[in-house]
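Enquirer: Whatever this is, show me its structure:
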Amino acid sequence: MSRYDFTSQRLFVRDQLASGAELELEREQANYLLNVLRLKDGAELLVFNGRDGEWRARLQQQGRKSAQLTIGELQREQTSAGNIDYLFAPIKHARLDYMVQKAVEMGVASLRPVITHRTQAQRVNTERMEANAIEAAEQCGILSIPSVYEPVPLQKALRDLDPAQAVIFCDEDAPAGDAVAQLRAALLPRAKVALLIGPEGGFDQQERAMLNRHANCITITLGPRILRADTAAIAALTVVQCAVGDLCA
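Expert: Sure, this is the predicted structure:
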């Protein structure tokens, strides 16, 4: 069974997947396959639902904007979710879309918006976040769709985590050091962690004090440069994946 088929169109569906099953496509999905991608009747594609692995399917056109899929053989077994819960202060729409997509590509298990004192975007469209997460998974061969949470205040977000879960706090004021080595010394490989990225303007002093009092907080630096929130997300996720995630040796 191949590791990944780079040539086939991939589609996320919500239905249960099994050999021989026939799935009615949502109108938007059928229109996308038939009229945007211009796939023909009988075309093959790959489908996944985040639970049952990846399956080869055959397209059956039923009208100009309607179609169904017939599920064939299993191509890849379902993979488990990643080991990183990603906590972040929301940013404006276009950059938030980008950040969500890149976080999914980097293998996060969940997307958890947190409201801080300096958060600029107080309202978050979680349906749009989920759509961006699905799009990234479709394009990059990912089988596990991260859980998407409603935004909550920072203090509640920390309370909602597993009490034993380490919280990695990316602090622009942290002393210089080797963040990868620091995390490897503090955590076991593939340990379940929460990664916290702050808002534009950073955390205020009360929030910093609360984080420093957290029993399982690990403060790291992302280097000498001030990074935008979406850039910091990619940098921090790379550090964590190299230290204790699926990029570690």
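
Enquirer: Spatially central residue in the chain, please.
Expert: To find the centre residue of the chain, average its C-alpha atoms and take the closest one (C-alpha atoms, centre = their mean): that gives residue 104, at 2.8 Å.

Enquirer: need the contact list for that one.
Expert: Residues in contact with residue 104, defined by C-beta atoms under 8 Å, 6 or more residues apart in numbering, are 111, 132, 133, 136, 137, 140, 142, 146. For glycine as for every other residue, the C-beta is placed from the backbone atoms N, C-alpha and C.

Enquirer: which of the residues you listed count as buried?
Expert: In the contacts of residue 104, burial by neighbour count holds for 111, 132, 133, 136, 137, 142, 146, counting by 16 or more other C-beta atoms under 10 Å.

Enquirer: Do you have the helices of the protein handy? List them.
Expert: Secondary structure of the chain, counting by DSSP state H: helices at 27-31, 93-105, 126-140, 154-160, 179-186, 205-213, 229-244.

Enquirer: okay, those, which one's buried deepest?
Expert: Each of the helices of the chain was given a mean neighbour count from mean count of other C-beta atoms under 10 Å, and the largest, a mean of 21, is that of helix 229-244.

Enquirer: Could you report the neighbour count for the closest residue to residue 235 other than its chain neighbours?
Expert: In space, and not counting its chain neighbours, residue 235 is closest to residue 222: 5.1 Å by C-beta to C-beta, 6 or more residues apart in numbering. Other residues lying near residue 222 total 19 when counted by other C-beta atoms under 10 Å.

Enquirer: Verify the contact between residue 158 and residue 214 for me.
Expert: Yes. Counting by C-beta atoms under 8 Å, residue 158 touches residue 214, with 6.4 Å between them.

Enquirer: Overlap in contacts, those two.
Expert: residue 167.

Enquirer: circling back to that earlier point, so which of the buried ones among the contacts of residue 104 is the closest to residue 41?
Expert: Of all the buried ones among the contacts of residue 104, residue 41 sits closest to residue 137, with 26.2 Å by C-beta to C-beta.

Enquirer: Where does pLDDT dip in the chain?
Expert: 1-2, 249 (pLDDT under 70).

Enquirer: so what's the closest residue to residue 117 other than its chain neighbours up against?
Expert: Once its chain neighbours are removed from consideration, residue 117 has its nearest residue in residue 204; the separation is 4.8 Å (C-beta to C-beta, 6+ apart). Under the criterion of C-beta under 8 Å, 6+ apart, the contact list for residue 204 reads 116, 117, 118.

Enquirer: If you rank these by neighbours, which is first?
Expert: Neighbour counts for the contacts of residue 204 (other C-beta under 10 Å) peak at residue 116, which has 21 neighbours.

Enquirer: Got the phi and psi for it?
Expert: Recorded main-chain torsions at residue 116 are phi -110, psi 170, according to degrees, to the nearest 10.

Enquirer: do you know how far it is from residue 243?
Expert: Note on residue 116: its distance to residue 243, by C-beta to C-beta, to the nearest Å, is 25 Å.

Enquirer: just residue 57 next, same as before
Expert: 38 Å.

Enquirer: isn't residue 203 right next to residue 118, touching?
Expert: Yes. Residue 203 sits in contact with residue 118 when judged by C-beta under 8 Å, with a separation of 7.3 Å.

Enquirer: circling back: farthest pair in the contacts of residue 104?
Expert: Checked with C-beta to C-beta, those reach their widest spread between 111 and 140, with 15.5 Å between them.

Enquirer: Residues in contact with stretch 110-130: which ones?
Expert: Counting by C-beta under 8 Å, 6+ apart, stretch 110-130 makes contact with 81, 85-93, 96-97, 100, 103-104, 133, 145-154, 157, 196, 198-204, 206-207, all of which sit outside it.
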